[in-house]
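In: Have a look; sequence and predicted model below, questions after that.
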Amino acid sequence: MFLVNRLFGGGAATPAPELLTIDGGQLYLLRPDSIKGGRECIFIDASITIRRTTHDYAYQLVVTRAFQEGEEQLLEEDAENSDERSFLLDSSLFLSLGQSLDSSTTTPSLSITWLDPDGDGPDDEFEFVLSPHGEGVTDGVKAQAEAFEVLAWRCMWERREGRSWPSDQREAREVEATLEEEFKVERTLPTTTSSKAPLFRDASPTPSLSDTEHDVKPVVASHEDDANSVDSDDDSDGDEIAAALTKVSLNASSSSPAPSTPAAKDKGKGRAGTPSRSLSPPAPLPPASQPLVAPVVAAPETTSSLLLKTQGDLHLYDQATGTFVLQAEDVTATVHESSSGYWLLVEGKEGQPWVSQEIASGQEGDEVNFSTEMLSMVFNFTPDATPSTPTPQTFTWLIRFGNERAFTEVHQLITKLVFEVKNGKGSWAKMEERAQGYVYEAFLETEAIEGEEVDMAEQEEEEEEVAESEEESEEESEDEASFQPQANKAKNSQLAVGYKDDMSFVVQGDMIGVFKQNREGRNKINFVTSIVGISTPDGKKGFTPSKVMLHNQDTSMILQNSAAPGSLFRLDLETGKVVDEYKVSNDFAVKNFLPDAKFAQTTQQQTFIGLSNNGVFRIDPRLAGSKLANDEFKQYATKNDFSVATTTESGRLAVASNKGDIRLFDKLGKNAKTALPALGDPIIGMDVSADGRWLLATTKKYILLVDTLIPEGAGKYAGSSGFDRSFPAAQKPTPKILQLRPEHVAFMQEQSREGVSFTPAKFNAGLNETERTIVSSSGPFVIAWNFRHVKNGNTSNYTIRRFSETVIADAFKFGGDREIIVTLPTNVLIENKKGLKAPTRDSISGIVNEWRG
């Protein structure tokens, strides 16, 4: 048994979150009234920890499952959080140290027990057995257990008193002497099991402040820098909303009053029915002595017109516990139009304002999500910076509406207003009704794609890959190679991943760094060489490539020079020299370029595709003079503002614009077969599955996933691709929206001071490879989605990894999805996909900044 002891007053300037840990125990759930059995083993090998939270004077009791070597990788990605149980450390837990309650064992053993706050019955308990393998109660075990109990008492004292442990030694000794009397719970081993009496308690500790109810009053802004704190309602219904965005069904009786039984009161429960279970880490209610502080709100302009009025329940997200906490029931939500824009106001029963903010203000972190299953709207609010608060906290609100009609009215109005804020007043009315419906549906969290079945071969292949990854050593977690900037302070700006020889190329000013990935050994990526002095073929004009593309079996690289917008340049990677200039046009700029087909890079294909503001064309380097192939040039009369494009393995083409619309072509030079309406945001990146079935389109704040297969029942072309045939007008494919949950955005913004700004999302790619994962980044975070889970409707289940700097570019190593090549301003790293974790406080705040061997 191992003990890590970092007690209070250890001398560190900032105490570690884990204050004390005991390893080598077993966790049991005791349910005397349950038909499932009175004693269930939850973790056969686990550790118990006292952990500090982000709230002052609030601590958690945490039990974490221990894994055998390789066992952890066998778990499903979306089950990561099931290996930890956490509880707010408060006297209402009735934490007790004593002889184990297991009557079947013949060897005496110690255990720590506490109430299950979410138990089905009033007597449900957890028991952590400290010596489960017949070792007996040694002096060492006893001393460790007693130290753990005393530390727990200290935490309870801090929570009750609302202040830190006394620094004065004399006062500390005096307080220490009273802890046992105040918090000790004597344990009486039961001779019979009764559903009418507590299982082991015959004495209760002194009630803490958490047993006292607090009135909740919002604060109205007085336009002063310093605002009064707002006491948060410690309402026990709050934890039922923790699963709002993870699509977990809530208890149908969540809003009904809790039975006023003594057991329920002692356990701090607000209900006696079956508890709802969250997919996020289990967490208790926030500390009552340190309640959530709601943001100060400013009143909207008095001169405004009312657009909508409805009712709902208001919740505020608590980062410390990972739950949405009920703030007020039956609030009134109204939407107003004023001279400065559109305004959302949420008021309590007495008219006191809870929320008052501009809609789609353009402020970083103002994300909003709608969930049809939860009938809820989740959105962020960041107060204005002041001299006393230059970096204000971002708050996440949730309004749960009472019925579907109210939810639909709010969703449709907010969607319309956000669209008009982005695209100009009156822009919504100019859209066709079908296009409006397309936008409405796109921003709803929905279920799995209708008719989509799990590909068993794909699932088996994915499971096989997980099994194979167990054999890889921890050395493969990640490695970095430094590409030092030159004296001009140029930073890394572009990444191109080669298909052969495991080579990658990174642009830094007028240099290109060459990196090689290693299949074996400790270092997974090495800096090989630099191609310096990128310039025009005559060598007279140096330039920084604004875009690059590997070409002709990775022997060449196509470069774009912003100083010569009508031309492209070819870099010979074997000589390290720019050898050709491809003059395309003197009349328009080449806005973007891409391969003829998804894997044309692996062939000797000479031609490739270019975009202008309103045209799509083929570039043929073999032509004399202009390299524009006029017979494969599709130009539109109106300015479409094309931005990006992508091609399938067979050469079908998808083109997107800064307006947000998407066109699908079967051949270059012809009209598009399918045109998808714009959602109102510029598209900055595109990718497509090799077979053309799935299309990714990236905007700054969200990523679109479009199924291009024409569905059954859609006429004679059902089962065809939208690249080859037109979708019926009434059956355009509704995209799935991949976006970060507002509560995660709030914490990410707090940590990095950056709002959401996605880099172009990509599938893993390779010859004869199945698309399994989607990867993108935002600020210093790399984010990945399991593609199979997304297709089945789980769009909010993603994993994340934070780096020390803003991620410039990221892409999978060619031919797989285990390794992600990450480009930072001054470094290039390989991160194993296993290093990405579910978004929690730890994974969002933990920084990768050097090699972990």
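Out: Thanks, I have it.

In: Give the residue spans of the stretch 301-450 of the chain that score low on pLDDT.
Out: 301-303, 361-366, 445-450 (pLDDT under 70).

In: Can you show me the strands along it?
Out: In the stretch 301-450 of the chain, the strands defined using DSSP state E, counting those that start in this stretch lie at 304-318, 323-338, 341-347, 353-358, 368-371, 376-381, 395-401.

In: mind checking which of those is nearest residue 621?
Out: strand 368-371 (47.0 Å; C-beta to C-beta). Where C-beta positions appear, they are placed from N, C-alpha and C, glycine not excepted.

In: Using PDB, write down the CA coordinates of that closest one.
Out: C-alpha atoms of strand 368-371 as PDB (Å, rounded to 0.1, in the frame of the first residue of the first chain):
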ATOM      1  CA  VAL A 368     -25.000  28.800 -28.100                       C
ATOM      2  CA  ASN A 369     -26.300  25.200 -28.300                       C
ATOM      3  CA  PHE A 370     -29.900  23.900 -28.600                       C
ATOM      4  CA  SER A 371     -30.900  20.400 -27.500                       C
END
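
In: what residues are up against residue 312?
Out: Contacts for residue 312 (C-beta atoms under 8 Å, 6 or more residues apart in numbering) come out as 330-331, 333, 399-402, 406.

In: where's the residue of the chain most remote from its centre relative to residue 558, distance?
Out: Distance from the centre of the chain peaks at residue 624, with 50.9 Å (C-alpha atoms, centre = their mean). To residue 558, residue 624 is 19 Å away according to C-beta to C-beta, to the nearest Å.

In: before we move on, what about residue 139?
Out: As judged by C-beta to C-beta, residue 139 and residue 558 stand 73 Å apart.

In: Neighbour count: those two, which is higher?
Out: Taking other C-beta atoms under 10 Å, residue 139 and residue 558 do not tie; residue 558 has more neighbours (24 against 7).

In: Now the phi/psi pair for the more buried one, please.
Out: Main-chain torsions, residue 558, degrees, to the nearest 10: phi -90, psi 130.

In: Would you tell me which helix is longest in this structure?
Out: helix 139-161 (DSSP state H).

In: Enumerate the positions of that helix that are buried.
Out: Neighbour counts over helix 139-161 (16 or more other C-beta atoms under 10 Å) mark 141, 144-145, 148-160 as buried.

In: thinking residue 640 is in contact with residue 613, fair?
Out: Yes - if you go by C-beta atoms under 8 Å, residue 640 and residue 613 touch, sitting 7.0 Å apart.

In: More neighbours: which of the two?
Out: Shown here are residue 640 and residue 613; by other C-beta under 10 Å, residue 640 has more neighbours (21 against 16).

In: Setting aside sequence neighbours, what's the nearest residue to that one?
Out: Of all residues not flanking residue 640 in the chain, residue 614 sits nearest, at 4.8 Å (C-beta to C-beta, 6 or more residues apart in numbering).

In: what's the burial count for the one you found?
Out: A total of 17 residues lie near residue 614 under the criterion other C-beta under 10 Å.

In: Only the C-alpha atoms, please, for stretch 174-184, written as CSV.
Out: Coordinates of the C-alpha atoms in stretch 174-184 are reproduced here as CSV (Å, rounded to 0.1, in the frame of the first residue of the first chain):
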residue,chain,number,x,y,z
GLU,A,174,-6.8,24.2,19.6
VAL,A,175,-8.9,23.6,16.5
GLU,A,176,-7.3,20.2,16.0
ALA,A,177,-8.4,19.1,19.5
THR,A,178,-12.0,19.7,18.6
LEU,A,179,-12.1,18.0,15.3
GLU,A,180,-12.9,14.5,16.6
GLU,A,181,-15.7,15.7,18.7
GLU,A,182,-17.2,17.7,15.9
PHE,A,183,-16.8,15.3,12.9
LYS,A,184,-16.1,11.8,14.2
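
In: What count of nearby residues applies to residue 715?
Out: 13.

In: check contacts around it.
Out: Applying C-beta under 8 Å, 6+ apart, we find residue 715 in contact with residue 728.

In: Help me confirm that it is found in a strand?
Out: No - counting by DSSP: H, G, I helix; E, B strand; the rest coil, residue 715 is not found in a strand; it is coil.

In: Can you tell me how far it is from residue 322?
Out: Applying C-beta to C-beta, the value for residue 715 to residue 322 is 47 Å.

In: before we move on, the earlier item: for the residue farthest from the centre of the chain, give me its contacts.
Out: By C-beta under 8 Å, 6+ apart, residue 624 has no neighbours at all.

In: Wait, a helix at it?
Out: No - secondary structure of residue 624 (three-state DSSP): coil, not part of a helix.

In: Contacts only, for residue 636.
Out: 614-615.

In: so where's the stretch 151-300 of the chain shaky on pLDDT?
Out: 188-300.

In: try it again with 50
Out: For the stretch 151-300 of the chain, applying pLDDT under 50 flags the ranges 191-291.

In: was I right about the residue nearest to residue 640 contacting residue 643?
Out: No - contact criterion C-beta under 8 Å: residue 614 and residue 643 do not qualify, at 11.6 Å.

In: thinking again about what came up before, tell me what the longest helix of the chain is packed against?
Out: Helix 139-161 sits against strand 3-5, strand 18-30, strand 39-52, strand 59-65, strand 96-99, strand 110-115, helix 169-183, with contacts defined as 3 or more C-beta pairs under 8 Å, 6 or more residues apart in numbering; DSSP states H and E.

In: Alpha carbons of the third one, in CSV - could you do that?
Out: What that stands for is strand 39-52. Taking C-alpha atoms only, strand 39-52 is exported to CSV below (Å, rounded to 0.1, in the frame of the first residue of the first chain):
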residue,chain,number,x,y,z
ARG,A,39,-22.9,-5.5,-1.6
GLU,A,40,-21.5,-4.8,-5.1
CYS,A,41,-17.8,-4.4,-5.9
ILE,A,42,-17.3,-1.3,-8.0
PHE,A,43,-13.5,-1.1,-8.4
ILE,A,44,-11.4,-4.2,-7.6
ASP,A,45,-8.3,-2.1,-7.3
ALA,A,46,-8.5,1.6,-6.6
SER,A,47,-7.1,4.6,-4.8
ILE,A,48,-8.8,7.1,-2.6
THR,A,49,-7.8,10.7,-2.7
ILE,A,50,-8.7,14.0,-1.0
ARG,A,51,-8.6,16.6,-3.8
ARG,A,52,-8.7,20.4,-3.8
